[in-house]
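Participant: the sequence and its predicted three-dimensional model are supplied below.
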Amino acid sequence: MHKPAKLEFHSFGNDALTRLPCSGQVKYLQCYLTDLGAITAIEEQNYFDRDYLAEFSAFYSTSSKGYKNLCKRIHFFDIEVKRDLFRRAAGGSNQAQSRLQNAYLGFVVIRPIPTTPLGRTVLRWYPEQKPNTPRVTVPSRDYCCHIAGIKLSVHGLAWQQQDTGVGACATVGLWSMLHSSAFDDHHTIPTTADITRAAHKTASLGSRVFPSSGLAIYQITEAIKQYNLAPVVLDGELPSSNKGFGKERFSSSCAALIRSGYPVLLIGQLGNLGGHAICATGFRACPPVSCAADEIKIQDSNIQYLYIHDDNLGPNARFRINDNGLGNPITLEADSPPPLQPHQHGGSPTTGYHTFTPHQLVVAVHEDLRTSPDVLHKAGLEKAQILCSFVNSFFDCIKQSRIGITLSTRFIKLADYIGIELGRTLDGSTKELAKTRMALYEQVPPMSLHVGVVRIALDDATPLIDILYDTTDSDRNHPVFAHVTYNKVIADLIQHFCGRDNTQFGVKVSAF
Amino acid sequence: MPNEDTSYTLWTITQKSWSNLFQGSSLTEEIAEKLQQANCAEDKLGSRLTPYNTPVTEETLRQSVR
């Protein structure tokens, strides 16, 4: 029978994480928490974890080993937390509660599985140092924990170690994907046991469900469909002799999807070890690079870093995207930033980690979103080229130097585009903002819940136009709803060349 | 840490940082007439779109990930 147990307060480094058998994942978490400035660990000795209970019910409960159904949960703080402060917070002191919340770094669930003890883990991101070219972590969400009536929340995306009993690397990658903030109003987050069952429900072909040694890609996509979401698969464009993705398509597709709130499951080859799946949850945004006259560039093709949940390492591991030249596939290489604090745990496990070559991208998107990132990028490149021709013909007439332009794409809820995105872009221009928002509501035919946005800009990022695409039609049709122009010359040029035919750019909305 | 990041992305730039490349320019009737002769239909993308047309094969879907 389970027994009551007191909360334990430890200094970071003398906690239950340190007492686990040494592994790459444990070392990674220790290094990550050291850089977050962890000072105190509070251990809940008795914690029923929803995910582990599902694993226990599906697999461990019938093992003769006698696994327990109870986990530990460790909470980390970047200040010294003593029992007295915690007691005051539990007694309702707002000051003590906000002190704990401000210092909260996240939690790690320790499962009673000796070989793979690291369960659901959510840790805060490192503080942002470059707000203009930020880490884009849209899939992250808030997780709330309750300890003795104290509510603590952390913003991140859940990671866990694969146990191979209930889930393999593809399962835990898919599990992290389905935690995305994009699905907050869509479903109850499934457990790894739910996902493995869903993968076998319609596509088992006779293989056993548990223990799970892996999934085929069609099983991953079938599991996504079981949750009323739609799978999108992108295959590397390079030939099978040199399988993988070129830099532009890989980087711009990952960026467009992550910026839209959709984590990306990367499937490929890990060194010489064989197939592996990891989950990209963020990237470091990059500014556009300068364009020669008439040149069209996709801003996100230059991103350097992806942040990845790898079950061999841990959450938010930084990987550099290596461009290996034309015709060669890009590779991903673990490249953690230099430690902010001296590490007491030996070298980081990311040092010397195998190079990963992505072959496929698998993504879960909302069912009503029927446009693929490939189609949006093609449309963006085509429209950017048309617009560049218009502008440069105009510049030829007024004897001004020709320019090149840049673009970026994303999917976004219409309400967020009109509310958040336009609000940020037109910040400080109350009149223009009101006019643009009203025009989008009153002059454009009804738009879909999610829209595809192509933003075309100068190579210093000054926006020229946003083109809003319907995402609910087939890729062949791919209708345009509207274009929002930020400049009168651009609006006039489109009007001049396209006239009243709004099938190319849609309804004109002026944001100037 | 001081913020030395002076570049913007297409999604972080705000109006006060926009450049004014088009300031003082407008599409007058005279320019509009000249533009009638401009050839804006030239396709300069060439094979650039090819990677975005990659199909997903049955063989791909059958691959196992362990």
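Facilitator: Now that the structure is in, tell me what you want to look at.
Participant: for chain B, name the helix or strand with the lowest mean pLDDT.
Facilitator: Lowest on mean pLDDT, DSSP states H and E among the helices and strands of chain B sits strand B:64-65, with a mean of 84.
Participant: partner strands of that one and their direction?
Facilitator: Sheet pairing here is set by DSSP bridges, and for strand B:64-65 it gives strand A:215-216 (antiparallel).
Participant: any idea which helix or strand carries the most centrally placed residue in chain B?
Facilitator: Nearest to the geometric centre of chain B sits B:Leu10, at 10.2 Å (CA atoms, centre = their mean). Under the criterion of DSSP states H and E, B:Leu10 resides outside all helices and strands.
Participant: quick check: phi and psi at it.
Facilitator: Geometry field for B:Leu10 lists phi and psi as phi -60, psi -20, criterion degrees, to the nearest 10.
Participant: find the nearest non-adjacent residue to it, please.
Facilitator: Once flanking residues are discounted, B:Leu10 sits nearest to A:Ser408: 4.5 Å by CB to CB, 6 or more residues apart in numbering or on different chains. Quick note: C-beta positions are derived from backbone N, CA and C, even for glycine.
Participant: is it fair to say that neighbour lies in a strand?
Facilitator: Yes. Assigned with DSSP: H, G, I helix; E, B strand; the rest coil, A:Ser408 falls within a strand.
Participant: report pLDDT for it.
Facilitator: Among the per-residue scores, A:Ser408 shows a pLDDT of 97.
Participant: contacts only, for it.
Facilitator: Going by CB atoms under 8 Å, 6 or more residues apart in numbering or on different chains, A:Ser408 touches A:252, A:255-256, A:298-300, A:380, A:454-455, A:457, B:9-11.
Participant: and if we set it to 6 Å?
Facilitator: For A:Ser408, the contacting residues are A:299-300, A:455, B:10, by CB atoms under 6 Å, 6 or more residues apart in numbering or on different chains.
Participant: between the residues you listed, identify the one with the most neighbours.
Facilitator: Within those, most neighbours by other CB atoms under 10 Å in any protein chain shown means A:Asp300, with 29 neighbours.
Participant: quick check: it vs B:Trp11, distance?
Facilitator: Using CB to CB, to the nearest Å, we find A:Asp300 at a distance of 10 Å from B:Trp11.
Participant: ok so, going back, just the closest of the contacts of A:Ser408 to A:Ala482, please.
Facilitator: If you rank these by distance to A:Ala482 using CB to CB, A:Arg455 comes first, at 13.4 Å.
Participant: go ahead and confirm A:Ile465 touches A:Ala482.
Facilitator: No. In this structure A:Ile465 lies outside contact range of A:Ala482 using CB atoms under 6 Å: 10.4 Å.
Participant: these two: which is more packed in?
Facilitator: Using other CB under 10 Å as the criterion, A:Ile465 and A:Ala482 rank with A:Ile465 on top: 24 against 21.
Participant: test my guess that A:Val362 contacts A:Val233.
Facilitator: Yes. Contact criterion CB under 6 Å: A:Val362 and A:Val233 qualify, at 5.4 Å.
Participant: circling back: ok, the contacts of A:Ser408 vs A:Leu123, which is closest?
Facilitator: A:Asp300 (25.9 Å).
Participant: which residues of chain B lie near chain A?
Facilitator: When proximity is defined as CB under 6 Å from any CB of the partner chain, chain B approaches chain A at B:1, B:5, B:7-10, B:12-15, B:18-19, B:22, B:25, B:27, B:31-32, B:34-35, B:38, B:40, B:44-45, B:49, B:51-52, B:54, B:56, B:60-66.
Participant: going through those, which ones are buried?
Facilitator: Buried members of the residues of chain B next to chain A, counted by 16 or more other CB atoms under 10 Å in any protein chain shown: B:7-10, B:12-13, B:15, B:18, B:22, B:25, B:27, B:31-32, B:35, B:40, B:51-52, B:54, B:60-61, B:64-65.
Participant: give me the phi and psi angles of the residue sitting nearest the centre point of chain A.
Facilitator: With distances taken as CA atoms, centre = their mean, A:Thr281 lies nearest the centre of chain A, 2.8 Å away. Per-residue torsions, A:Thr281: phi -120, psi -10 (degrees, to the nearest 10).
Participant: ok, it - contacts?
Facilitator: A:Thr281 neighbours (CB under 6 Å, 6+ apart): A:139, A:157, A:263, A:307, A:309.
Participant: go on, A:Ala96?
Facilitator: Here A:Ala96 is in contact with A:85, A:88-89 (CB under 6 Å, 6+ apart).
Participant: same thing but at 10 Å, please
Facilitator: Contacts for A:Ala96 (CB atoms under 10 Å, 6 or more residues apart in numbering or on different chains) come out as A:81, A:84-90, A:150.
Participant: so it is in which element?
Facilitator: Here A:Ala96, judged by DSSP H and E, is contained in helix A:94-103.
Participant: any idea how far A:Thr485 lies from chain B?
Facilitator: Note on A:Thr485: its distance to chain B, by CB to the nearest CB, to the nearest Å, is 11 Å.
Participant: what of A:Thr462?
Facilitator: Going from A:Thr462 to chain B by CB to the nearest CB gives 4 Å.
Participant: now swap in A:Phe390 and tell me
Facilitator: In this view, A:Phe390 and chain B are 6 Å apart by CB to the nearest CB.
Participant: burial measure for that residue, as a count.
Facilitator: When neighbours are counted by other CB under 10 Å, A:Phe390 registers 21.
Participant: for it, give me phi and psi.
Facilitator: Torsion angles, degrees, to the nearest 10, at A:Phe390: phi -60, psi -50.
Participant: wait, it sits on A:Gln504?
Facilitator: No. Applying CB atoms under 10 Å as the test, A:Phe390 and A:Gln504 come out as separate, 11.3 Å apart.
Participant: which neighbours do these two share?
Facilitator: A:494, A:497-498.
Participant: reformat those as CSV; add neighbour count and secondary structure.
Facilitator: Shown next, in CSV, are the shared contacts of A:Phe390 and A:Gln504 (neighbours: other CB atoms under 10 Å in any protein chain shown; DSSP: H, G, I helix; E, B strand; the rest coil):
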residue, neighbour count, secondary structure
A:Ile494, 20, helix
A:Phe497, 22, helix
A:Cys498, 16, helix
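Participant: out of these, who's nearest chain B?
Facilitator: Nearest to chain B among those is A:Phe497, at 6.3 Å by CB to the nearest CB.
Participant: OK, contacts around that closest one?
Facilitator: Neighbours of A:Phe497 in contact, by CB under 10 Å, 6+ apart: A:386-387, A:389-390, A:393-394, A:504-505, B:32, B:35-36, B:38, B:40-41.
Participant: picking that back up, out of the buried ones among the residues of chain B next to chain A, which are inside strands?
Facilitator: B:64-65 (DSSP state E).
Participant: from the buried ones among the residues of chain B next to chain A, which ones fall inside helices?
Facilitator: Those of these mapping onto helices are B:31-32, B:35, B:60-61, per DSSP state H.
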